[in-house]
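Participant: Provided below are the primary sequence and the corresponding predicted coordinates.
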Amino acid sequence: MQAHDQKDTVPPSAANQQQNSPACHDRRTVLRKMAAGAAAVAGCSLLPEKWLPPVAEIGALPAHAVTSGPASSMTESATARGFANSLTIADTGQIMHCDGIMQHKIVFPKLGPQYGPKLLLVWSDGNELHVSNSAHMAMHADQRDFRKYQPGGRYSGYDPNIPTMEIYAKRGTHPSSVTLYY
């Protein structure tokens, strides 16, 4: 009887051959495809019936974090004068005191020459200052106006009070920002 039992049992090597047979692989392939199909159908059921435009939530940034306006803020006159880039910095309320008169000061994150060799500054109130050489201080010809550009750092004599580029608004004005065209 023991001999009969040994004939009925399948040796382990034969069991492995059955699992590795082409029919077994076909079953696995079919099961995998069914699982992938079920996942695709489940994913499609999560899609909305009608597409809606995305909603963009907009929040206000602190004044010191607002550093550039929209890409379309480039004025035709600045483009016509050969400037390809712009950067708008908001007035954070810093004040510069000179000759007993206080005026608004806007500080940029880099040295003036790092923006380019020539610059155009346009304040939100329409005042402009053209800087023909960004490595040198520039100011409006009328000393009562005192619109001024300081390049900062080594270009401003390593003055510790002017570590980066600074712009001073026309005396008596309160612009909300200045746009640098470079």
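Facilitator: Done, it's in.
Participant: Hmm, H130 is touching L120, no?
Facilitator: Yes: at 5.6 Å, H130 counts as touching L120 under the criterion of CB atoms under 8 Å. C-beta here means a position set from N, CA and C on the backbone, and glycine is covered the same way.
Participant: Between these two, which is the more surrounded one?
Facilitator: Between H130 and L120, L120 has the larger neighbour count (other CB atoms under 10 Å), namely 19 against 14.
Participant: Quick check: closest non-adjacent residue to the more buried one.
Facilitator: Spatial nearest neighbour of L120, chain neighbours left out: Y181 (4.1 Å); criterion: CB to CB, 6 or more residues apart in numbering.
Participant: Now do L180, the pLDDT please.
Facilitator: Note for L180: predicted pLDDT of 91.
Participant: Just the helices from this structure, written as ranges.
Facilitator: Using DSSP state H, the helices of the chain run over 2-8, 12-19, 22-45, 76-80.
Participant: Return the residues in contact with R27.
Facilitator: Contacts here follow CB atoms under 8 Å, 6 or more residues apart in numbering; on that basis R27 touches nothing.
Participant: On the pLDDT front, check it for me.
Facilitator: Looking at R27, its pLDDT stands at 79.
Participant: Distance-wise, check it relative to G37.
Facilitator: According to CB to CB, to the nearest Å, R27 stands 16 Å off from G37.
Participant: can you list the domains in this protein?
Facilitator: 2-45, 63-181 (automatic domain parsing).
Participant: hey, least reliable of those by pLDDT?
Facilitator: Mean pLDDT values for these show the minimum at domain 2-45, a mean of 63.
Participant: Who does S177 form a beta bridge with?
Facilitator: S177 forms beta bridges with A90, as assigned by DSSP bridges.
Participant: I'd say A169 and N127 touch.
Facilitator: Yes: with contact defined as CB under 8 Å, A169 reaches N127; the gap is 7.2 Å.
Participant: With neighbour numbers in mind, choose between those two.
Facilitator: A count of neighbours by other CB under 10 Å puts A169 above the other of A169 and N127, at 26 against 16.
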